[in-house]
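model the structure of this input:
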Amino acid sequence: MNPIVTIAGREIRAGLRNRWVVAATGLLAVLALVLGFLGSAPAGEVDAGALTVSVVSLSSLSIYLLPLLALLLTYDALVGELEDGTLMLLLAYPVSRWQLITGKFIGHAAILAFATIVGFGLAGVAIAATGSVGDQGVRAFAALLISSVALGWVFIGVGYLISVLVRERSTAAGLAVVVWLLLVVLYDMALLATLTATGGENIIGQAVPALLLLNPADAYRLFNLSGLAEVASFSGLGAAGGDIALGWALVSLLGWLVVPLGLTWLIFRRREL
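Here you go, the predicted model:
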């Protein structure tokens with residue numbers, strides 16, 4: 001059997017044994033249902049479909065929760081194997097280092113994609129069954145699902161990079177929390193503080209769209225909240241997005257996926273075990 005498929009299956013089985021898949025899916029479904037119904041309550045008042053309004057609430061949930069789930073799933077993907085002594089055993093088989101990383105990524109990506117699609121999908125079906133939908137609402141929700149999976153995959157790559165840079169599982173856990181805080185919480189706070197201090201004038205105000213694209217969480221937010229006119233008008237993010245094309249937000253997410261995984265492979269291939 002292909003080593004990549006074997007390793008991917010190993011990670012999926014580990015996730016099932018640890019109840020990781022069930023827990024993540026259940027958590028996303030419950031929070032998405034609660035937040036989705038609360039967020040869609042004013043749909044009639046603003047003359048927007050229930051799914052369209054829910055996209056705004058669920059996007060906010062995804063920005064905080066999906067990166068955290070991805071980092072918790074993968075921060076010890078490599079360093080954990082090294083501490084447990086199983087990494088040398090795996091590499092003793094006819095498995096190259098790039099195959100090991102690729103197989104692990106496919107397994108973890110499948111786990112998080114399943115949890116995201118099923119969790120948010122159940123919420124979407126329930127919300128659609130109790131309110132107006134509309135074609136644009138369906139498109140916005142489908143874009144939310146796809147981009148949420150992509151956001152999770154981005155932070156899986158970040159988790160791998162963290163895992164290959166350290167020698168202890170505890171260090172990786174602490175670094176994962178710091179990275180989550182920096183990218184998801186502190187980055188936007190620092191940007192908002194800078195805009196407030198400068199009044200959004202001169203080069204800072206002009207650079208806001210580019211600065212947002214430098215952060216995967218903000219690129220995800222821009223893609224979902226400023227992509228469709230109806231969603232943008234309700235979220236109020238259309239102005240913040242400026243003239244950024246959806247393609248640039250996707251390029252940002254793709255870059256954040258490729259670069260950490262590429263760096264992980266480059267470091268791992270030269271690392272002495």
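
now do stretch 175-193, average pLDDT.
For stretch 175-193, mean pLDDT rounds to 92.

and the contacts of that stretch?
63-64, 67-68, 71-72, 75, 158-159, 162, 165-166, 208, 211-212, 215-218 (CB atoms under 8 Å, 6 or more residues apart in numbering). Backbone N, C-alpha and C define where each C-beta goes, glycine included.

list only buried entries from those residues.
Among the contacts of stretch 175-193, those classed as buried by neighbour count (16 or more other CB atoms under 10 Å) are 63, 67, 71-72, 75, 158-159, 162, 165-166, 208, 211-212, 215-218.

helix or strand with the lowest mean pLDDT in this structure?
Among the helices and strands of the chain, helix 238-241 carries the lowest confidence by mean pLDDT, DSSP states H and E, at a mean of 49.

what element comes up after that one heading to the C-terminus?
Going down the chain from helix 238-241, the next helix or strand is helix 246-270, by DSSP states H and E.

sorry, back to before: just the ones in helices from the contacts of stretch 175-193, please.
63-64, 67-68, 71-72, 158-159, 162, 165, 208, 211-212, 216-218 (DSSP state H).

show me the shaky parts of this protein.
Flagging of the chain using pLDDT under 70 yields the residue ranges 1, 36-50, 131-134, 199-205, 227-245.

most remote residue from the middle of it, which is it?
Most distant from the centre of the chain: A92, at 32.9 Å, with distances by CA atoms, centre = their mean.

nearest residue to I117 other than its sequence neighbours?
L145 (5.9 Å; CB to CB, 6 or more residues apart in numbering).

hmm, that neighbour is touching V118, no?
No: using CB atoms under 8 Å, L145 is not in contact with V118; the gap is 10.2 Å.

quick one: contacts for the residue nearest to I117?
With CB under 8 Å, 6+ apart, L145 has these contacts: 116-117, 120-121, 124.

so where do the strands sit in the stretch 1-150 of the chain?
Assigned by DSSP state E, counting those that start in this stretch, the stretch 1-150 of the chain shows no strands.

cheers, nothing more for now.
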